[in-house]
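Peer 1: Give me coordinates for this.
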Amino acid sequence: MKGFIIKSNQEYPDFYHRIFREMAVMKQYNWLISDFEVGGMGREYKRKNKFGYMERYHWLTGEEFAAVAEENNCYWSWAVYSAFNSHISRTDMLEYDSPCADGNSNLWKNPVSIQHPLAEIEIIGDL
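Peer 2: Here you go, the predicted model:
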């Protein structure tokens, strides 16, 4: 289980793309992008969470996410990126709430923990 937070003062909209392009393992996973601001990477899903609020998310294969990172055609001010073993389906992932960063005070406590119980990697980006 691996997790980390990226907090950047960078003013470059391709900051995350630079990071993800360098992640050789990204194609091995399915990716959930949740609690994001802006977007622009294809199909966006919506559902109600356990509190009854609508939440938006993207679900991508590693190949799809790698293509987005390579094309550099989208931008997030912040987001939670969760990586799942490729055999985990979107249906499996939806059994649990999506990870969130906004207002989540647990993010700043050690040890860093992954919010989604099926995820293997979690990256929280705050540009």
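
Peer 1: which outside residues touch whichever strand or helix holds L60?
Peer 2: Following DSSP states H and E, one finds L60 within strand 54-61. With contacts defined as CB atoms under 8 Å, 6 or more residues apart in numbering, strand 54-61 is touched by 30-36, 39, 41-49, 68, 86, 90, 93, 98, 100. C-beta here means a position set from N, CA and C on the backbone, and glycine is covered the same way.

Peer 1: same deal with stretch 80-97?
Peer 2: Contacts to stretch 80-97, defined as CB under 8 Å, 6+ apart, come from residues 26, 28-36, 45, 47, 49-50, 59, 61-62, 98-101, 114-125.

Peer 1: Go through these and flag which are in strands.
Peer 2: Among these, the members found in strands (DSSP state E) are 29-34, 45, 47, 59, 61, 119-125.

Peer 1: rewinding a little: tell me which residues in the strand holding L60 are buried?
Peer 2: Within strand 54-61, the residues scored as buried using 16 or more other CB atoms under 10 Å are Y57, H58, W59, L60.

Peer 1: Could you look up the SS state of the most centrally placed residue in the chain?
Peer 2: Centroid-nearest residue in the chain, with CA atoms, centre = their mean: Y81, separated by 1.6 Å. Classification of Y81 by DSSP: H, G, I helix; E, B strand; the rest coil places it in strand.
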